[in-house]
Structures are given as C-alpha cells and as structure tokens.
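Undergrad: Sequence plus predicted model, see below.
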Amino acid sequence: MNPKTWLSRRNVLRGLGVGLALPWLESLSIKAAQAATAAPTKRYLLMYFSCGVARAYWPPQGAGAGSAWKLSALLEPLSPHKKSIQVVSNVGQEALYNSGVNPNPSHSLYCAPSFSCTVPDVSKPILGGPTVDQVIAQNIGGIAASGSTIPPAFKSLQVGCSTMNSNPDGRHPSMTRSVSWSASDVPLYKEVNPQAVFDNLVMQLAPGGGANPQNQALAELRKARDISVLDYVAEEATSLQTKLSASDRHRLDQFLSSVADIEGRAKAQGTAMTSGKVYTRPTLSASYNERRPGAVLKADPEGYDRNTHAEVMNDLITMAFETNLTRVISHMLDDARSEYHYNFLKQRTFTKGSLTSTQLDVPITTIQQGDLLGYHGLSHDGDNNDGYATVNRWFVEKFASLLDRLSMSMEADGKSVLDNTLILFMSGMQGSSHQLTQLPVVIAGGNGIFKTDYHNNFPAQVKLADVHLTMMKNGFGIQLDHFGYSGGIVEELLA
Amino acid sequence: MQQAPNATGYGIFPFALCCVVGCTGLVQTAPDGKRAGQASGSGGNAVGNGPVDPGRVAIHRLNNTEYDNTVRDLLGTASHPAAEFLAEEGLNFDNTATALGMTTDQYQKYFDAANALIGESLASNSQRARFMACVPSAVADPCARQILGNFGLQIYRRPLEPAEVDRAMKVYDADIARAQTGTEAIGQALRAMLSGASFLYRIEHDDNPGSLTPHPLSGYELASRLSYLTWSSLPYPALFAAAKSDSLKEPAALEATVDRLLADPKATAFAESFAGQWLGLRKLITHSVTPQIFPTYTSTLADAMIAEGNQWFQEFLNRDRPLSDWFTADFNFVNDELAQHYGMAAPGSGAALVRVQVPTDQRRGFLGLASFLTLTSVPSRTSPTARGAWILTAMLCSPPPPPPGNVPKLDAAATAAESSVPSGSENVKARLERHRSDPACAGCHSLLDPIGLGLERFDGIGRYREAYGNGDAIDPGGVLAGAPFAGAQELGELIGQDRRFHDCVASKLYTYALGREIEDYDEASIEKVKAKWSARGVTFRNLMKEVVLSDAFRLRRGEAP
C-alpha cells in the first residue's frame, strides 16, 4: 500500500473546507499544504537520540486513536502527554540505501542523513543536502511568529548533551555530531554548554539582559562594544575583497554572512520581549572535549552531571521558544555512536509484553562491550538488553520532561507552547540490529495539524523523507515538491 | 587525493563486505614507480628545469590547533580556547584550506574567544605588557596608534596599512567616547582585530587575482607558511625581521630557517599534527577495544602507544634517519606499561617513555609498533583486511576502492557475535579464506588479506604471539603486490623497497606543507621535489627542505576569473 494515496473521509472534507475548486481526487497534497498555510505552526523542534532502541520494549500496544493504543514500557514516561503525541511505527530509510550506498550498518550514516534523506560522501563533510530543520529555518526562521512582532534573533539553534568525542565510525565526525546542516557541505555544530546557550539568549532580552535589570548599563556597554567590533570586522573583510580571487571572495562571503548574523543578534540585544519570567543562569557548564592523552575515558569532569545537563537544556529550549528568540531548534541528546557511560542511571528491568519497567536500586549494568564502549556497547547487546533499554527510557523521560515544560508555558493565543510547536523525537537507527527500518519515531504537538493520541502502525514501510516532507509542507506551509528521495506527503499523519 | 587512513571501511565488519571491482590496478607496482592509476605527465607541465605551476592556496582559516598555538604565542595565554570550539577534521589533513569553512555558530565562538582572551590579557600584568608599550588616554592618542600598529603586525602576521591602523583607531576612539580607560579602549581595538578576517584567516594577496602568472609570496607570507608548517603558529620575532628584510628569498636562508624551526620544542606541533594524522595516531585515542578479550588494554597504555608513534616519527625527523630504516629500525619507545605489553624488560621509568633496543625479539620497524597494529584491528581481534587496506592507503598511497553497496545485507545476528566471541574454533585466517571463496569478494580481499595475514603474529593490540587463542599455529606467510613474504620484517623490507612508499611520503608531506589538495598541475612539481630529495638523501628534513624550496611553496598565482 502506498500511504500517500490513501484518502480518508476527513482528508477529503478538509480539502473541500478550504474552498478549492479542484476535482477532489486531483491533488490532495496541494490542498493539505494550503490548508496548513492557513494556520502554520509556530515552531519546530528536532530531538534526536542515538543508537535506536531495545526493540522488544518499544512498540506501543494496539493501534489507532485514544483508548485503542497503549504506551509501551519504553514510552511509559510519556503517559502524561499521551494526548499530545503520535507514535509512528514502520518508518524507514531503506529507499535511500537501496540506491547503491554501502549498507554496512553505521551509526554515523544513520545520523545526519536521517534528516537530509540524502546519500552522503562518507569521508568528506558532504551530506548531499540540507537537513529538515534547516529547510524550515530557511523558510520561517527569520520571520516573526504569529503573536510576535520581532523577528527571532536566532534563525535556528543547535544544542546537545554530548561531552565526549565518540568514535565517528571512520567517517567525517560531522556526520555523527550534527543533525543540522544548512547546506550539503555546512554542518552546524551544536552548543553543548548550557551557560553559553543561556548567555546568548539572555543577551537578547529586555531590559539589560532580562534577569538582571541592575546590570543594564553593563549590558548596554557590551552591546555598543559588540557593534563597534563587528562593524570593524565587516569593514575590514570587505576591504580585502578586491585583493582576492573569485573563489576566495566566495569563502570570505561565508565569513561576512556569519558576521552579519552575529551583528544582527548584537543589534537586537535587549529588544526581545520577555515572557514575564525571570531566567537564572545555569550553574552547570559543559564542554565538548577531545580526550586528552592521559585522561581516563570514562570519567565525567568534576561537577558534571548528565541528567542535570539534559534538564537544563530542556529549560533553555523552553526559554528560547517562549521568548520567541527562535522558531527552530535541533537537540541531540547524544552523539550517534556515543561511548558515554550512563553510570548515573539505576538499572531497570523490562519484561516482554509488560507496559512498565521496574527500577532496581543498583547501578546500570554495562554488560559485555558496554563497559568499555559505553552506551554504544550496550546497543550491540541485543534488543532485549535491560541496560540498553534503561538508557533508552531515560531519553524518553527527558523528552517527557521537556513536554512538561512546554505544555505548562501558555501563550497569548490561549494555547501552550507545546500546542504551537511541532516536535519530532526520533533515532535514525532501529535498535541492536542496527537497521534503518522500523525506526523509533514520535511526533508531538503540531497545532492540531497532526493526529495526536494516536499510534500510526503502518502495514508497509513509510519513507522517512515523506514524514519530513509532510511536516514541512503541512506543518509550516513550505512549498516543496520533494525532499531527498521523498515520494509525497503521508496523509495518515494528519488530523 | 588519498583518503585519510581509515580502518573502518574494511575493518569493522570485514566478513560481510565484498569487493567486486576496482582492485586490479593495485596488484602490482607500475614499472615507472608511479602510483597505479596516476596519470602520466601532461605535455605542458613535464618534468624539467622550466617553471612549474605553483598553484594557489585558498584563504586558510586557522584550524583549532593553529588557533590555540597562535594565541599562546601572541598573547602568552595558557588557556586553550579551541577546546570550546567545535571538534573538526579536515580533508586528508586538518589544515586543508578548502575544507576550513565558517558558519555563524563557529564565528560566534571566535567572537566570544577574542573577547575572553582580551579580558584575560588586560587582567594580567605580564600579558598586558606584551602590547601596552605606553598608556594612551585621549581620542586619537599617538600612543594608541603605536600600540595598534606594532602589535597589529603580529596579529595580522604582516605590517598594517595606515588605513588599517585608522580602522582600529575608530574602535579605540569609540570606547574612549564611552568614557572607558585607554587600556580598556586598546583592548576593544585588539579584540576587533582578533575577531577579524586578517587574523582568523591566513590570507595571501595577489596584486592581480585574475592573473595566472606566478609571483613570489611576500616575505611575511613566506614566513607564515614556514611557521605554520612547523609550529602550527605565527612566526617568531626574528622570522618577522627576516620577512621584513626579504632575506627569506635566499635558498640558504630558507633552509637555515627550517633547521631553526625544527630545533625548537614547538616543532612537536608538526610531529603531532602531521604524523598524528598520517599514521592515524590521533584516531587511536578513541579506538575501541573489547575488555573481555583484551583486559590489559587501558587508556594509559593507549596513550603510551600514541606517544611512541610520535617519538618514532620525531626520531626520524630530528636525527635525520634515512627513510630506508622506517621498516627495519630496531628501537622502540616504551614506558613500563608498554614494555610489559611488548614482553620486554620494564625500563623502570614509570610512565615516561625511554628509547630501548631489543635485538632478540620479533618486533622491528614501523610494522611492529603497537599503535599501528591496534589501530588497524577491530575491537575484539585482528583484521588482516584492515591492515592490508591501511598499508596500501597510508604507506603506499594506493587505497583500495571502498566496498560497494550492492552486496548481501549483513546478517544482524552475526554482527553481534562477531565482535563479542573470542577467537574460537575457526581462526581469522580460516574465516577470511572462506570469505574469499565468494567470487564477488575475491577481487579486493585476495589483494588485501594476504598483506595483513603476514602480520597475524601480532594480535589485536599488538602483542606478539605464535598461535591463535584456540591453539592453531600462525603461519606468517603473506603476499604483497605479487611478492611472497614471511612475517612483519620481510613485509617491511618489501614495502621499504617499493618506490610507492617514498612517493607516498613525499606526496603526504607536500600536501600538508601546502595545506591544499594535490592537483593535476602539481605532478611536475612533485616529481622535481622527489628527484632532488633522492639526490640529497632520503630523510624527512631533506624532504621538508625540498618542498620548502619548491616553487609551489614560494610562489603563487591568481585564478582565472
């Protein structure tokens, strides 16, 4: 069955509802896109987690709407938000790799390409196309969202929680470390330091840095200085252009456009509306360090705690959205082939068929390769491996805790930030088998455009590219004919 | 050009990968010693005494190592701002100009780092003294002009035009107008320069960017090429002085400068960067090993292996050892842990590495280094395929093509078992033989495997052994490019005699020194370098000198508009 040709009565009715004089069978996709344009979603969040899931405990029980489906043991933390989510089963990316790419299961190949749906060049930083979040950012990232008059200071944000340089599978590390690419050859690396994210955000808030009105004079000095410096930088670089060849001028243009972005932010400092909340600078800092010779691979830096890190990132994502400082964020809970040791977690036991798991009062079991290879090692130890599932469940828990925040943050239109945000929570890898079929995919929020409280269990594989395309066209009214290897939109995802 | 040495393609799941086409050209050394598949000299650029096309290097953003080293030498800072930058890797080497792009978030990092560095410098007496030769206070203060002009030379790595000093003075004056102190205002002007393109990029100017006629680099541009090649940092004061007097144009002065630069401890930057990438030592940092199978592999042992690799290279560089010793030299650099790993007597030096010579063992030459042997293995065992592919790629610059995609899918269950089951009833060699019986796979594997099989007496972390875990005796026989050999030593001798090894070393260093990929027009230039290198004595220092003396290093041209 081809999902996109499946027409429900509701789809037909909605097509008619926008008053188009097209024969009703001609093009539902166009109608759906135009219907979406009427009420575009304000924001997009891509939340990525690595290494897939312990498949035995992931699929929801039952399918369809409401009481017809139940959350699985791995999805259990989402129970407060069941009404805001749609679990999509049988999404895959086989169409891409059937086109002649090395099928060698690889964490890196299943990371960035999951969001561009293109065939990358494995050794160079060439992805093949921009990622879904950046296509959305390029369309709406610079435009004020409805209800706001000020364009977002940040066209998009890239954040994440990884702190260690894990093995990039011999591929270019950008493939495993970034899910956001603004173009085929431009990976946008993520910021993992919560303090840096906060500092950049709070600078934009009025007055004088939002949380510290008493520091207004200092904030104004800083802003004036930043602008002086950036004026110098732009003028200086421009003066060099005449001495450069065409290709070097192009390279310097890349520099100048980055400078212009930063200058735009600097000039907007202190002008964004506050949300009426006081934001406090996180006390946790984190950095993305290569392992230095002599350092022990497993150790966290002193004072570092991964769970706090993830929670603080959730705070910052909420802050960035509710202040309308950005409309597009990608968040990597970890890198593609993470060797991080989730030793802070307590072991849980899972039972096949059970919809819950039990936490034990013992540290997580890192059996087999897990001890040296961290989370990646666990992911090789089978789809019913409790250590693997324990980490998976923690990712879902962090997703749920973000939904907690977004659902409690109310906007002027009476909806929550969650309602007004379209969220894709997924991994590009199935599970221990390292396949790119049956990917774990959850959609949340979506402004009523996408089905919620729904388990969409497709009988035949749905192309991941089509899922992205549907989100872009219907969620944001972006006029795109195709994305990567896409075939068309997936009507069944839509409400 | 060549891909970076990379064990993965053929390494992690070698039994599932097949190779249908493309390996035939790699079987034998071409009679003229050229790399298989390499084009013969093109008519207009033949080897001879005529001028060669020096090519051009794109504007080159400082990579993370270069940034850290440059601000260390410029400002005297002990901080490593690039640790907060994004971990990045380049094409071939991480100093390839065209692979060093710029995004908004990256620029934000540079912008923030400049601010933090200036804050730190103003707060430190010793750091501030590096530029505050006087203390300005007023708008348009001549003292400020003097500071910005003088220190600006080091920041831009060239003298500033008066208009450029004017531009920096505008930033200074604006801060004075905000009622800030002269020192603070100087800080802002320096911050602007450190945030600017002329600092963040190494820019070589063409008076006529559209002209293809070669012209010599300026003295300052040449000085930067030399110091970034050897120190990954800006020129030292005497080198700036030589740049000013234009004395670097003399070949003797160039050679003396290379010697001076290599004699400095800062030249370890070259070993760590060049050898660290060429020999894959940097990748060993995150190489995975299965502890249930290799419980003695620790991060300190891995660090000792990396350090040995670096010192091995430096021994050849600093002591002018001939390249012909590369596969035969009978020394190692070990600490107590690595000596124990090698089965040698511990030198009693604790964690410090010392040079040792044990003539009675089987470990000789580069192929006996644990860093190489571990890096080219998979976590749980050796991979003769990966070792073969690595030798062809990194030592002979004749990389096999990547495994094709149209092969049967990997059986998922076998994947997990493959990496977690210790050497069992069927040893690696037997399994590979079975794999090669598939004609679809034989093409490449029958070329790659016999190279690596000759190294089977070194296990997955480089320990010497004579039998597999299951008791099967190990036959060290192998075949390289049609020539049979027995064991690491004979393999090393074969590679050492292979003309492609010398050519490969030359092209690697040429690539690194220029910071760009090798283009077709470089062939004549490289041939010239190799000919002069052979005549002069085949050492790394001589090679570096010949590259530095080449037109490609000293000249540049524009680009057709």
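TA: The structure has been received and is ready for your questions.
Undergrad: Now do the domain split for chain A, please.
TA: Annotated domains of chain A cover A:42-193+A:285-493, A:206-271 [automatic domain parsing].
Undergrad: tell me the most buried of those?
TA: domain A:42-193+A:285-493 (a mean of 21; mean count of other CB atoms under 10 Å in any protein chain shown). C-beta: built from backbone N, CA, C; applies to glycine.
Undergrad: Could you tell me the end-to-end distance of that domain?
TA: 18 Å (CA to CA, to the nearest Å).
Undergrad: What average pLDDT does it get?
TA: For domain A:42-193+A:285-493, mean pLDDT rounds to 88.
Undergrad: And stretch B:396-409, by the same measure?
TA: 65.
Undergrad: ok so, going back, among the domains of chain A, single out whichever gets nearest to B:Ala394.
TA: Closest to B:Ala394 of the domains of chain A, according to CB to CB: domain A:42-193+A:285-493, at 13.1 Å.
Undergrad: picking up where we left off before, what about the domains of chain A, which gets the closest to chain B?
TA: domain A:42-193+A:285-493 (2.7 Å; CB to the nearest CB).
Undergrad: Can you give the distance of the closest one from its chain's centre?
TA: 6 Å (CA atoms, centre = their mean, to the nearest Å).
Undergrad: ok so, going back, closest one to B:Gln277 among the domains of chain A?
TA: domain A:42-193+A:285-493 (13.3 Å).
Undergrad: hmm, back to that, format the domains of chain A as CSV; extra columns: distance to B:Asp68.
TA: Shown next, in CSV, are the domains of chain A (distance: least, CB to CB, whole Å):
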stretch, distance to B:Asp68
domain A:42-193+A:285-493, 12
domain A:206-271, 20
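Undergrad: Same list, the ones you listed, but as CSV with distance to chain B please.
TA: Formatted as CSV, these follow (distance: least, CB to the nearest CB, whole Å):
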stretch, distance to chain B
domain A:42-193+A:285-493, 3
domain A:206-271, 4
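Undergrad: how about these, which one is nearest B:Asp475?
TA: B:Asp475 lies closest, by CB to CB, to one member of the domains of chain A: domain A:42-193+A:285-493, at 29.3 Å.
Undergrad: tell me the contacts of B:Phe294?
TA: B:Gly460, B:Ile461 (CB atoms under 8 Å, 6 or more residues apart in numbering or on different chains).
Undergrad: Could you rerun that using 6 Å?
TA: Contacts of B:Phe294 were listed using CB atoms under 6 Å, 6 or more residues apart in numbering or on different chains, and they are B:Ile461.
Undergrad: Figure out which of the domains of chain A is closest to B:Asp303.
TA: domain A:42-193+A:285-493 (4.5 Å).
Undergrad: helix or strand for A:Tyr44, which one?
TA: strand A:43-48 (DSSP states H and E).
Undergrad: Only C-alpha atoms, please: export that strand in CSV.
TA: Output in CSV follows, covering the C-alpha atoms of strand A:43-48 (Å, rounded to 0.1, in the frame of the first residue of the first chain):
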residue,chain,number,x,y,z
ARG,A,43,7.9,26.3,15.9
TYR,A,44,9.8,23.2,15.0
LEU,A,45,12.0,21.0,17.3
LEU,A,46,14.0,18.1,16.3
MET,A,47,15.0,16.0,19.3
TYR,A,48,17.5,13.3,18.3
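Undergrad: Residues in contact with that strand: which ones?
TA: A:133, A:136, A:179, A:321, A:327-332, A:399, A:421-425.
Undergrad: please redo it, this time with the cut-off set to 8 Å
TA: So strand A:43-48 is contacted by A:111, A:115, A:131-133, A:136-137, A:145, A:179-180, A:317, A:321, A:326-333, A:399, A:402, A:417, A:420-428, A:471, A:475-476 (CB under 8 Å, 6+ apart).
Undergrad: What of stretch B:106-113?
TA: A:189, A:196, A:200, A:229-230, A:255, A:258-259, A:261-262, B:67, B:71, B:81-82, B:84-86, B:195, B:200.
Undergrad: Kindly report the residues of the stretch 201-350 of chain B close to chain A.
TA: B:201, B:203, B:205-207, B:209-210, B:285-292, B:299-300, B:303, B:306-307 (CB under 8 Å from any CB of the partner chain).
Undergrad: Give me the buried subset of the residues you listed.
TA: Among those, those scoring as buried are B:201, B:203, B:205-206, B:209, B:285-291, B:299, B:303, B:306-307 (criterion: 16 or more other CB atoms under 10 Å in any protein chain shown).
Undergrad: and the two most separated of the residues you listed?
TA: B:Pro209 and B:Pro291 (56.3 Å).
Undergrad: where in chain B is pLDDT low?
TA: Counting by pLDDT under 70, chain B has low-confidence residues at B:1-50, B:84, B:86-91, B:402-426, B:440.
Undergrad: Could I get the full set of strands for it?
TA: Under the criterion DSSP state E, chain B contains strands at B:60-61, B:201-202, B:215-216, B:332-334, B:354-356, B:477-480, B:483-486, B:555-556.
Undergrad: closest to B:Asn125 out of these?
TA: Here strand B:201-202 is closest among the strands of chain B (CB to CB), at 30.7 Å.
Undergrad: For chain A, give the helix that spans the most residues.
TA: helix A:216-240 (DSSP state H).
Undergrad: which other helices and strands contact that one?
TA: helix A:246-268, helix B:104-123, helix B:162-177, helix B:182-194, helix B:197-200 (3 or more CB pairs under 8 Å, 6 or more residues apart in numbering or on different chains; DSSP states H and E).
Undergrad: What residues sit buried inside the fourth one?
TA: This means helix B:182-194. Neighbour-count burial for helix B:182-194 [16+ other CB under 10 Å]: B:Gly182, B:Glu184, B:Ala185, B:Ile186, B:Gly187, B:Gln188, B:Ala189, B:Leu190, B:Arg191, B:Ala192, B:Met193, B:Leu194.
Undergrad: if I pick the fourth one, what's in contact with it?
TA: The reference is to B:Ile186. B:Phe131, B:Met132, B:Pro136, B:Ala144, B:Ile147, B:Leu148, B:Tyr172.
Undergrad: Recalculate using a threshold of 7 Å.
TA: Applying CB atoms under 7 Å, 6 or more residues apart in numbering or on different chains to B:Ile186 gives the contacts B:Met132, B:Pro136, B:Ala144, B:Ile147, B:Tyr172.
Undergrad: Apart from its neighbours in sequence, what residue is nearest the third one?
TA: With sequence-adjacent residues excluded and distances taken as CB to CB, 6 or more residues apart in numbering or on different chains, B:Ala144 is closest to B:Pro136, at 3.9 Å.
Undergrad: residues near that neighbour, how many?
TA: For B:Pro136, the neighbour count with other CB atoms under 10 Å in any protein chain shown is 22.
Undergrad: just checking, it touches B:Thr183?
TA: No - counting by CB atoms under 7 Å, B:Pro136 stays clear of B:Thr183, with 8.1 Å between them.
Undergrad: Now do the helices in the stretch 301-450 of chain B.
TA: Secondary structure of the stretch 301-450 of chain B (DSSP state H, counting those that start in this stretch): helices located at B:336-342, B:370-375, B:384-390, B:412-420, B:428-436, B:439-453.
Undergrad: what's the most buried one of those?
TA: Looking across the helices of the stretch 301-450 of chain B with neighbours counted as mean count of other CB under 10 Å, the highest average goes to helix B:384-390: a mean of 28.
Undergrad: So for A:Glu235, which of the helices and strands packed on helix A:216-240 sits nearest?
TA: helix B:162-177 (6.2 Å).
Undergrad: quick one on the thing from earlier: just the buried residues of the contacts of B:Ile186.
TA: Looks like the contacts of B:Ile186 have B:Met132, B:Pro136, B:Ala144, B:Ile147, B:Tyr172 buried, using 16+ other CB under 10 Å.
Undergrad: Chain A: which of the residues you listed is nearest?
TA: B:Tyr172 (9.5 Å).
Undergrad: Enumerate every residue touching B:Arg457.
TA: Neighbouring residues of B:Arg457 by CB under 7 Å, 6+ apart: B:Gln362, B:Tyr464, B:Arg465, B:Glu466, B:Ile474, B:Pro476, B:Gly487.
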